[in-house]
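Peer 1: Can you look at this prediction? I've put the sequence above it.
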Amino acid sequence: MSDAIQPPAPDQAGDAPNFDAMARDIAEVPAVEVIVTVAVNLMSAAAVKLGLTEDGAEHKDLDEARKLVHALAGLLDASTTEVSSFHAAPLRDGLKSLQLAFREASLVPDQPGQGPGEKYTGPVYG
C-alpha cells in the first residue's frame, strides 16, 4: 500500500483542512486501496478494544470491539467482488482471528452464529 491517503492538511492560514488538496490526493488512490486501508484500520481498532495490545486491559471494551468487528465483517462481505483474493484472504483471516479473540474474551460467549460479524461470515469455530 502506498502512503497516498493522508490526514487533512492545514490551509495557508494553518487553521483549517485543505479539502481541495485532499480531494486531489484521494482521487489518485485506487478504490481497492481505500477499502483495504479502512479494513486494516477497523482491524487495528478492534484489536485494541479486545485488549490484544501491550496495554491490554487498559483499553479493553468488548462492546466497542463488537461494533468494530461487525463493521469489518460487513465491509469485507460487501466488497468481496471488488477486492482480489490477494487482498481479501489475509483480511478474512484477520477477521476470523478477531472473532475468535472476541469469543475467548467474553465472559459469556455468544452462541455460534451470533458473535460479532457472524451474520456475514457464518458461525466461527476455534
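Peer 2: Structure's in. What do you need? Residues are numbered from 1 along each chain as shown.

Peer 1: how many other residues sit next to Asp93?
Peer 2: The number of residues packed near Asp93 is 10, by other CB atoms under 10 Å. C-beta: built from backbone N, CA, C; applies to glycine.

Peer 1: ugh, typo on my part, it should be Leu95
Peer 2: The local packing of Leu95 (other CB under 10 Å) involves 25 other residues.

Peer 1: correct me, but it touches Thr121?
Peer 2: Yes - judged on CB atoms under 8 Å, Leu95 makes contact with Thr121 at a distance of 6.9 Å.

Peer 1: got any residues that touch both of the two?
Peer 2: Shared contacts of Leu95 and Thr121, defined by CB atoms under 8 Å, 6 or more residues apart in numbering, comprise Ala73.

Peer 1: At the geometric centre of this structure, which residue sits there?
Peer 2: The chain has Leu42 as the residue nearest its centroid, 1.9 Å off, counting by CA atoms, centre = their mean.

Peer 1: need the contact list for that one.
Peer 2: Applying CB under 8 Å, 6+ apart as the definition, the contact partners of Leu42 turn out to be 68, 71-72, 75.

Peer 1: Contact partners for Gly51?
Peer 2: Listed by CB under 8 Å, 6+ apart, the contact partners of Gly51 are 57, 59-60, 105.

Peer 1: my bad, should have said Val124
Peer 2: By CB under 8 Å, 6+ apart, Val124 lies in contact with 96, 99-100, 103, 112, 115, 118.

Peer 1: longest helix of this structure?
Peer 2: Scanning the chain for the longest helix, with DSSP state H as the assignment, gives helix 85-105.

Peer 1: which residues sit in contact with Ala88?
Peer 2: Ala88 makes contacts with 76, 79-80, as judged by CB under 8 Å, 6+ apart.

Peer 1: Let's see the pLDDT reported for it.
Peer 2: The score at Ala88 is 94. That number is its pLDDT.

Peer 1: One more: Leu72?
Peer 2: For Leu72, the pLDDT comes out at 98.
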